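In: Got a sequence here, can you build the structure:
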Amino acid sequence: MLPALLQNAGRIHDYATEVLRQSGGTFEVKGPWFANMDMLITCDPANVNHILCRNFQNYPKGSRFRKIFYVLGDGMINVDSELWELHRKTTTPLMNQANFRNSLERNVSQKIENGLCPVLDHYAQQGTHIDLQEIFHRISFDITCQQFMDKDPGTLCVDPTDDHPFLKAIRDAVNAILYRHILPEWCWKLQKYYGIDREKKLTQADRNFDNFIYPILEERMDRLNKTQQQPHDSGMLTSHIEIHRGKSMQFLRDTFVTLIIAGGDTTASALTWFFLLLAQNPHVEAKILHDILQLKQDKKVFKVEECQKLTYLHAAFCESLRLFPPVPLNHKTPMETDILPSGHVVTPNTKIIMPFYSMGRMNTLWGEDYMEFKPERWISLEGEIKRQPSYKYSVFNAGPRTCIGRDMAFTMIKMIAATIICHYQFQLVESHHPEILSTDSIILEKTNGLKVKLIKRK
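Out: Numbering: from 1, shown residues only. Okay, the predicted model is just below:
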């Protein structure tokens, strides 16, 4: 099977989807004996439900996953058992508090008003094209840092300097991590030992994470130690430091690196693919704009309460995420030998890949119009958003490890999208139009960005 995999390496998500359609939703990959490439690929909802929900305890992250994602250390995504329970019990309640939601709305509004709109206005006046994917990376990164660490890096501005070290580190890290999934362990370990190729960039990215996070942690801890009293603010940074008194600085660093990467890059990816689909489906954009204008919104920025009334916008995002999930696959290895509902036997040596990208493109799950961008499939006859089981629509994972940042993501996405659609028209740059390719990253991104020309609406 290796020749076919190499031949389709540049379109691996679409290639896997084609093979899965032909094989009924599950197939086994056999590689050369020396490469340790044998895998089971499945997008069968029954298998996904079994792995992520029904038999969750038999499918921990495990030591191999921790090796691949070593830059995340003891962050929530990377750990099992007691540490994972600790993260869920501390971070989830904090994100569900009213003050977290209020501060999120405030941070998004301020960044849109003081960062996004001035940048878009500048490019609209100049009449030059702009890379929306880059803009979405910067605004998501700034908002996420402000929300979790009380620090705005200020990367979104009219005249940006070079990439922020942390932002560049994220891009280098997610690229290298994908190849750690694919390459034999001995191969990437050899690259790391000699400091070459993607492993060299991953090592530097790890240092850049440290250089950004540790000074912020130290400054806040010094301030809290000097006051020697109950802190006045209950933001995420102070709350985590107080809750995890006794834990190492390394643990706090891992916690916040994970939150920033998980919250920022995925949001940027979701916005990029959404605006590409809008550009290719102007009737959907027109319907969203019609709903926005019905709100009679005079202000520059839309608030959460107003965005909640935009049902068609929410449905359009659900549909966009179906076709282009920001995290296109999940990887698991069983702790003990198991039999999947499809009848396949998996052992502790079996690498299981669940391609969520492929799940959104199965005619058996979504009908013969599965490739259409059709927000209507998410709206019931009563005008409400239809709910799909998470093991069929696994954009936010499923089971106990369901993404805790789902509501945060939708808040950011809808506020940003509603503001852009209301105030700007956008056209794809012609030479850029035909390409819909994703990069070699664990986050689904567009090769060469999303270049558009902006015109302010009157």
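In: now the strands for the stretch 301-450 of the chain?
Out: 329-332, 338-339, 345-346, 351-355, 424-428 (DSSP state E, counting those that start in this stretch).
In: Other residues contacting the fourth one?
Out: Pointing back at strand 351-355 there. By C-beta atoms under 8 Å, 6 or more residues apart in numbering, the residues outside strand 351-355 that reach it are 13, 16-17, 20, 38-43, 47-48, 51-52, 59, 181, 328-334, 346, 394. No exception for glycine: its C-beta is placed from N, CA and C like everyone else's.
In: In its sheet, which strands sit next to it, and in what direction?
Out: strand 39-42 (parallel), strand 329-332 (antiparallel) (DSSP bridges).
In: returning to what we had before: what's the closest of the strands of the stretch 301-450 of the chain to H137?
Out: Comparison of the strands of the stretch 301-450 of the chain against H137 by C-beta to C-beta identifies strand 424-428 as nearest, at 17.0 Å.
In: From the contact counts, what lies against that closest one?
Out: Here strand 424-428 touches helix 249-280, strand 451-456, going by 3 or more C-beta pairs under 8 Å, 6 or more residues apart in numbering; DSSP states H and E.
In: change it to 6 Å
Out: strand 451-456 (3 or more C-beta pairs under 6 Å, 6 or more residues apart in numbering; DSSP states H and E).
In: What are the contacting residues of the strand it packs on?
Out: 120, 123-124, 129, 131-132, 424-429, 432 (C-beta atoms under 6 Å, 6 or more residues apart in numbering).
In: try it again with 7 Å
Out: Residues outside strand 451-456 that contact it (C-beta atoms under 7 Å, 6 or more residues apart in numbering): 120, 123-124, 129-132, 423-429, 432.
In: Buried only: go through the contacts of strand 351-355 for me.
Out: 13, 16-17, 20, 39-43, 47-48, 51-52, 59, 181, 328-334, 346, 394 (16 or more other C-beta atoms under 10 Å).
In: what bits of this structure have low per-residue confidence?
Out: 34-36, 161-162, 228-234, 296-299, 430-440 (pLDDT under 70).
In: what's the residue closest to the geometric middle of it?
Out: T266 (2.0 Å; C-alpha atoms, centre = their mean).
In: My read is that that one contacts F324, right?
Out: No - counting by C-beta atoms under 7 Å, F324 is not a contact partner of T266; they are 11.3 Å apart.
In: Let me have the strands paired with strand 351-355 in JSON lines, adding distance to N281 as columns.
Out: JSON lines is the format used below for the strands paired with strand 351-355 (distance: least, C-beta to C-beta, whole Å):
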{"stretch": "strand 39-42", "distance to N281": "30"}
{"stretch": "strand 329-332", "distance to N281": "26"}
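In: Of the ones you listed, which is nearest A169?
Out: Shortest separation from A169 across these is recorded for strand 329-332, at 22.0 Å, computed as C-beta to C-beta.
In: which outside residues touch the closest one?
Out: So strand 329-332 is contacted by 51, 59, 65, 181, 351-357, 397 (C-beta under 7 Å, 6+ apart).
In: tell me which of those residues is nearest to M249?
Out: Using C-beta to C-beta, the contacts of strand 329-332 come closest to M249 at F65, 23.6 Å.
In: Give me the secondary structure label for that closest one.
Out: helix (DSSP: H, G, I helix; E, B strand; the rest coil).
In: give me the number of residues near it?
Out: Counted by other C-beta atoms under 10 Å, the residues lying close to F65 total 19.
In: who are the neighbours in contact with it?
Out: Shown in contact with F65 (C-beta under 7 Å, 6+ apart): H331.
In: All the helices of the stretch 351-458 of the chain, residue numbers only.
Out: Secondary structure of the stretch 351-458 of the chain (DSSP state H, counting those that start in this stretch): helices at 356-359, 363-366, 406-423.
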